[in-house]
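J.: after the sequence you'll find the predicted model.
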Amino acid sequence: MIKKIFDLIESAKKVLIITHVNPDGDTLGCACALKSYIGNKADILVQVSKGKSYPETYSFMPYLNEAKTLDNVQDIYDTVICVDVASVDRVVENARVIFDNAKVTINIDHHKTNKGFAQFNHVLGGLSSAGEVLYEMFENQNKEITLEIANCLYVSILTDTGCFKYETVSPRTLEIASCLAKKGIDTASIARKCYDLKSKAMVMFQAYCVSNAKLIYDDKIAYTLISNKDMEKFGAKDEHTEGICEVLRSMKLVEFAFVLKETGANSTKVSMRSKEKDVTLIAKKFGGGGHTRAAGCTIRKPLNEAIVCLLEEVKKHI
Ligand SMILES: [Mn+2]
């Protein structure tokens with residue numbers, strides 16, 4: 001399959017590399033690495049809607065300033081490649097039209113819930129990151145990993161492992177990180193750019209969300225609700241909620257952490273983290289998915305009802 005995918009890329013006329021919605025470091029890192037490899041005939045589509053952008057944190061990465069968005073992408077691609085996209089539900093609006101019309105569709109991912117929605121799928125569920133999957137593909141086919149590609153893949157792996165903290169980190173993950181470091185990337189500088197250049201507004205907003213958290217079930221469950229009003233009050237962007245769930249989980253007794261964000265009158269986006277338990281079991285109940293200890297879903301209910309439904313489900317897993 002790996003050789004086949006590189007052959008398909010070779011023979012493609014116009015390639016669209018698609019990130020998942022609410023793009024993170026992994027999907028963006030893979031998109032930039034692939035764009036760097038493929039060159040001019042490839043465009044990146046960062047799936048963000050009108051007036052929105054990918055997280056500012058990642059603006060240091062190459063090609064993102066020229067990336068397409070859902071507002072301006074055209075249906076002119078014969079080949080599309082989804083990177084770090086767990087399911088086709090995460091290809092939305094006109095991206096979905098382009099995906100459906102493309103002659104060749106490729107899916108490169110590491111979500112164990114990925115069912116292989118494209119014509120050509122290379123999914124290694126359980127690997128640390130889509131970046132690790134992509135690295136192995138390059139190496140398997142003896143493709144040169146340039147300094148630029150190494151930088152991008154390192155961002156993928158670093159961010160999707162929470163700085164090499166998660167159980168998904170294997171000896172091979174660390175070996176790959178080492179290989180990337182040997183290419184000459186500045187690992188300290190990348191970590192600083194990813195984690196220590198947050199805006200004051202973001203840190204203050206996160207502190208507010210954390211201080212609003214409720215702890216229940218002998219502190220086993222921590223959750224916080226974020227309304228549109230909260231977002232407005234702090235002038236917060238969607239990306240500013242990134243990391244709150246991890247802070248809640250970091251409390252000693254907490255097993256499950258949830259961040260519920262109002263996304264519409266009848267729509268609540270849920271991020272979930274756990275220390276040991278499999279949160280994909282909870283996410284799947286609401287049509288979501290993800291990883292064992294980091295998953296998400298959208299509950300078609302207002303914020304205050306969504307939390308009731310969610311806790312009802314979580315109780316079964318305590
Ligand atoms: Mn990922």
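T.: The structure has been received and is ready for your questions. Numbers count the residues shown, from 1 in each chain.

J.: got the contact list for the residue in the stretch 1-150 of the chain positioned nearest to the ion?
T.: Nearest to the ion in the stretch 1-150 of the chain, going by CB to the ion, is Asp26, at a distance of 3.5 Å. No exception for glycine: its C-beta is placed from N, CA and C like everyone else's. Neighbour list for Asp26: Asp84, Ser129, Ala130, Gly131, Ser156, Ile157, Thr159, Asp160 [criterion: CB atoms under 8 Å, 6 or more residues apart in numbering].

J.: run through those and flag the ones next to the ion.
T.: Counting by CB under 5 Å from the ion, Asp84, Ala130, Asp160 from the contacts of Asp26 sit close to the ion.

J.: of those residues, closest to Met1?
T.: Closest approach between these and Met1, by CB to CB: Ala130, at 15.2 Å.

J.: could you list the domains of the chain?
T.: Split into domains by automatic domain parsing, the chain comes to 2-195, 200-315.

J.: residues in contact with the least confident helix or strand in the chain by mean pLDDT?
T.: Within the chain, confidence by mean pLDDT, DSSP states H and E is lowest for strand 289-291 among all helices and strands, at a mean of 87. Contacts with strand 289-291, where a contact means CB under 8 Å, 6+ apart, come from 86-87, 111-113, 168, 272, 279-280, 283, 295-297.

J.: can you list the strands that the helix or strand following that strand pairs with?
T.: Note on strand 289-291: by DSSP states H and E, the next helix or strand toward the C-terminus is strand 294-299. The pairing partners recorded for strand 294-299 under DSSP bridges are strand 267-274 (antiparallel), strand 289-291 (antiparallel).

J.: which one of those lies nearest to Lys316?
T.: strand 267-274 (13.7 Å).

J.: now do the buried residues in the closest one.
T.: For strand 267-274, a neighbour-count test (16 or more other CB atoms under 10 Å) marks Thr268, Lys269, Val270, Ser271, Met272, Arg273, Ser274 as buried.
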